[in-house]
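[1] Sharing a model prediction with you, sequence too.
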Amino acid sequence: MAGSTFQTNPFDLHKLLDDCQKGLIQLPDFQRSWVWDEDRIKSLIASVSRAFPVGALMSLDTGGPVNFKPRPVEGAPVEARGVSPQSLLLDGQQRMTSLYQVTLRSKVVETETPKKKRVKRWFYIDIRKALDASMDREEAIVGIPEDRIVRTDFGRTVELDLSTPEQEYARLMYPVTKVFDWDKWQDGFDAYWRGDQHESVREEFRAFKRQVLENFKYYRVPVIALDRSTSKEAVCVVFEKVNTGGKPLDAFELVTAMYAASGHELRKDWFGDERTPGRHHRLTEALRPAGAKTGIIAGVSNTDFLQAISLFYTRDCRRAAEAAGKQGKELPAVSGNRQALLNLPLSEYKKYETQVERGFIQAAKFLHMLHIYRIFDLPYQSQVVPLAAILADIGDAWEHDATRAKIERWYWNGVFGELYGSAVETRIARDFMEVPAWLNGGPEPSTVSETLFRADRLKTMRMRLSAAYKGVNALLMKVGAQDFRSGQKFDHTVFFGENVDIHHIFPQDWCKKNGIKPKVYDSIINKTPLCYRTNRIIGGVAPSEYIAKLEKGTSTVPPIEGQRLDGYLKSHLIDCALLRADRFDEFMADRQKQLLALIEQATGKLAYAGSYPEEGEDVDVDEDNLEAEYTIAAE
């Protein structure tokens, strides 16, 4: 029998990253570029900091029949290019490049935000949050701008300044660039916090070093090493079958296993069986309009459902601790994070499952009232969890106008503040506590008080995946926008029956012919919801031409009286005179003001009209392909 052509050995992470730095480990030149976003980097740092596995690597020893052109990992020094590598990474490029860039490279990291903005980040570990056993470790990992200063209120307020080592010491924020070499940083920290009165702070760092930093120092990664005799066919199979990213453990599966020990079939609750559909089916079908494949909350996952129940259970625990006279750090956190899910007793799951399911159904009704009908048009899937939990908590009270108006205001602030795009677990728990209190006369929830919408943001809303972009579309339908051709308002019957989607007002072809750039004409300012047939009639001609065509009528479309058509246009916050005269620049300026007023009405807050620039640059996308990919095609 032939011998094995590979072996699996654990290697020190520090040694692997150092070999990447020296060029001893490189990549096959055809491997795609490093593309990990900020949230995935934080998750990776968090996993290593807790000594959790992040998946095996696979490498190929060089010098055999498979002779790939090598290139160093992204960010490696120039000298690495002149080194003949000992091995090439076949699987694990993204993980190793991310860890190399944030630890050994000692330079700012170029990455992407959830809003698809290219930004530069330094990464830090919040020492006190990392030592808090009740907190998910990812919440302790912080991304900081290139100048190491976090500003809020459009640059007017400095929220966190880590621009000097002394500021790092004072705020107990540890730079990830020092996780393998902490002696010098600790010397400065101890000198800053010198004296007997600060012994407890110095002990905090010592505990942090034992519980967190030593996990980096002693972290070992399993490496499947293919020796140089490996055939080309075997390497090809590796790339076809094995080269995949690691998948985090699913909390639902773990909870399922724990509940099974008590004789409860959690999977059956969710998926049902041959005779009885489960909860997943009920949520998928909830309020599904005719013509729609699923209902609006079909995207709710089993972990989302557990998360909502966990909010109730952890709130009960906190209230019990408060009743017992506990204060401050003694009080357990209200949470729906992974750790809270794993601590959710079966009895509490059974206690709240029916109430929480009803909350999700009510959330579907609420979203329909906001004219959000398709999963794709849902600004944030993550915001459905606190919405459902809040509605489950307050019961039928949400049907009262004053109460529902407040919940709508909270919802739109989350959307236009773009607050549910990342690091949402803390916000979900906070909203679950703060919104019901606000409905009973308490202070504004932080999601409302923290939101400031920048007027210029409308110009940069071009991505159909943007929450705020989807929010504007829904608001236009909610305030009574009427189709240019039929005059119908977009209730769910019209929405699905007429294939309503968002389309350009000044058509793309006309804009291109007139030298207008895509980043201008593709903004939400130049888009509005329309029926598919109407968009076909509009075509690619000037607005003055398609308006004349609508007024004259066609063989299949009756003529529309001019004053009536103007009414339809105005319902989309369009200045009819400017559109009829093809005055693009003036139209864009006027509609920006009108859309801004619409957003201000929804959020209950004035927009920021200053010129503070939005951080980062847009990631390049093919707008035409994106438009085609997500537009519903008519039969």
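    Okay, I see it.
[2] quick one, domains of the chain?
    The chain is divided into the following domains under automatic domain parsing: 6-110+219-242, 115-206, 251-449, 457-630.
[3] what about the longest strand in the protein?
    What stands out as the longest strand in the chain, according to DSSP state E, is strand 117-126.
[4] Low-confidence stretches in the stretch 501-635 of the chain?
    Within the stretch 501-635 of the chain, the segments meeting pLDDT under 70 span 611-614, 616-635.
[5] for it, what spans make up the strands?
    501-504, 527-530, 617-618 (DSSP state E, counting those that start in this stretch).
[6] Go ahead and measure how far whichever helix or strand comes after the longest strand of the chain is from the middle of the chain.
    Next along the chain after strand 117-126, taking DSSP states H and E as the criterion, comes helix 127-131. Chain-centre distance of helix 127-131: 24 Å, with Cα atoms, centre = their mean, to the nearest Å.
[7] Who does the next helix or strand after helix 127-131 pair with, and is each partner parallel or antiparallel?
    Per DSSP H and E, the first helix or strand lying C-terminal to helix 127-131 is strand 141-144. Paired neighbours of strand 141-144 in the sheet (DSSP bridges): strand 117-126 (antiparallel).
[8] List the buried residues for the partner strand?
    Buried positions in strand 117-126, judged by neighbour count with 16 or more other Cβ atoms under 10 Å: 117, 119, 120, 121, 122, 123, 124, 125, 126. All C-beta atoms are positioned from the backbone trio N, CA, C, and that covers glycine.
[9] before we move on, what about stretch 601-608?
    Buried residues in stretch 601-608 (16+ other Cβ under 10 Å): 602, 603, 604, 605, 607, 608.
[10] returning to that earlier point: which one of the buried residues of strand 117-126 is nearest to residue 61?
    The closest of those to residue 61 turns out to be residue 123 (Cβ to Cβ; 32.2 Å).
[11] Check the gap between that closest one and residue 482 for me.
    Shown here: residue 123 relative to residue 482, a distance of 50 Å by Cβ to Cβ, to the nearest Å.
[12] I figured residue 504 hits residue 527, correct?
    Yes. With contact defined as Cβ atoms under 8 Å, residue 504 counts as touching residue 527 (5.8 Å).
[13] Put the alpha carbons of the longest helix along the chain into CSV.
    When the chain is parsed with DSSP state H, its longest helix is helix 346-369. In CSV, the C-alpha atoms belonging to helix 346-369 read as follows (Å, rounded to 0.1, in the frame of the first residue of the first chain):
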residue,chain,number,x,y,z
LEU,A,346,-35.2,24.3,28.8
SER,A,347,-37.9,25.5,31.3
GLU,A,348,-37.4,29.1,30.2
TYR,A,349,-37.5,28.2,26.5
LYS,A,350,-40.9,26.5,27.1
LYS,A,351,-42.1,29.4,29.2
TYR,A,352,-41.6,32.0,26.5
GLU,A,353,-41.7,30.2,23.1
THR,A,354,-45.4,30.9,22.4
GLN,A,355,-45.2,34.5,23.4
VAL,A,356,-42.0,35.1,21.4
GLU,A,357,-43.5,33.4,18.3
ARG,A,358,-46.5,35.7,18.5
GLY,A,359,-44.1,38.6,18.7
PHE,A,360,-42.5,37.6,15.4
ILE,A,361,-45.9,37.3,13.8
GLN,A,362,-46.8,40.8,15.0
ALA,A,363,-43.4,42.0,13.7
ALA,A,364,-44.5,40.8,10.2
LYS,A,365,-47.7,42.8,10.5
PHE,A,366,-45.8,45.9,11.7
LEU,A,367,-43.4,45.6,8.7
HIS,A,368,-46.3,45.3,6.3
MET,A,369,-47.7,48.5,7.7
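[14] Could you check how far it is from the centre of its chain?
    23 Å.
[15] helices and strands around that helix, which ones?
    Counting contacts by 3 or more Cβ pairs under 8 Å, 6 or more residues apart in numbering; DSSP states H and E, helix 346-369 is packed against helix 251-260, helix 279-285, helix 302-323, helix 384-394, helix 401-416.
[16] Report the buried residues of that helix.
    Buried residues in helix 346-369 (16+ other Cβ under 10 Å): 346, 348-349, 352-353, 356-357, 359-364, 366-368.
[17] Residue 128 contacts residue 204, doesn't it?
    Yes. Contact criterion Cβ under 8 Å: residue 128 and residue 204 qualify, at 7.0 Å.
[18] shared neighbours of those two, which are they?
    Taking Cβ atoms under 8 Å, 6 or more residues apart in numbering as the contact rule, residue 128 and residue 204 both touch residue 172.
[19] ok, so of the buried residues of strand 117-126, who is nearest residue 487?
    When these are compared against residue 487 (criterion: Cβ to Cβ), the nearest one is residue 117, at 39.1 Å.
[20] how close does the closest one sit to residue 98?
    Look at residue 117 and residue 98: by Cβ to Cβ, they are 18 Å apart.
[21] quick revisit: please say which of residue 504 and residue 527 ends up with more neighbours.
    residue 527 (25 against 19; other Cβ atoms under 10 Å).
[22] Not counting sequence-adjacent ones, nearest residue to that one?
    For residue 527, ignoring the flanking residues on the chain, the nearest one in space by Cβ to Cβ, 6 or more residues apart in numbering is residue 502 at 5.1 Å.
[23] low pLDDT regions in this protein?
    Those would be 1-6, 30-32, 232-233, 236-250, 611-614, 616-635, if you go by pLDDT under 70 across the chain.
[24] who's in contact with the residue sitting nearest the centre point of it?
    The centre of the chain sits closest to residue 421, judged by Cα atoms, centre = their mean, with a distance of 3.4 Å. Going by Cβ under 8 Å, 6+ apart, residue 421 touches 113, 114, 115, 380, 467.
[25] cool, and residue 315?
    Residue 315 is in contact with 334, 432, 433, counting by Cβ under 8 Å, 6+ apart.
[26] helix, strand or coil for the second one?
    Using DSSP: H, G, I helix; E, B strand; the rest coil as the criterion, the local structure at residue 432 reads helix.
[27] Compute the number of surrounding residues for it.
    Residue 432: 26 neighbours (other Cβ under 10 Å).
[28] so it touches residue 393, yeah?
    Yes. Taking Cβ under 8 Å as the definition, residue 432 is a contact partner of residue 393 at 7.5 Å.
[29] Helices of the stretch 51-200 of the chain, residue ranges please.
    93-102, 127-131, 165-171, 183-192, 199-208 (DSSP state H, counting those that start in this stretch).
[30] Check which residues of the last one are buried.
    This means helix 199-208. So for helix 199-208, counting by 16+ other Cβ under 10 Å, buried means 201, 202, 204, 205, 208.
[31] Check the second one too.
    By neighbour count on 16+ other Cβ under 10 Å, the buried set for helix 127-131 is 127, 129, 130, 131.
[32] which non-adjacent residue is nearest residue 333?
    residue 134 (4.8 Å).
[33] so who does that neighbour touch?
    Per Cβ under 8 Å, 6+ apart, neighbours of residue 134: 332, 333, 335, 339.
[34] Now restrict those to buried residues only.
    Buried among the contacts of residue 134 by 16+ other Cβ under 10 Å: 332, 333, 335.
[35] ok, how many other residues are close to the closest residue to the first one other than its chain neighbours?
    Pointing back at residue 332 there. Sequence neighbours aside, residue 317 is the residue nearest to residue 332 in space, at 4.8 Å (criterion: Cβ to Cβ, 6+ apart). Neighbourhood size, residue 317 [other Cβ under 10 Å]: 18.
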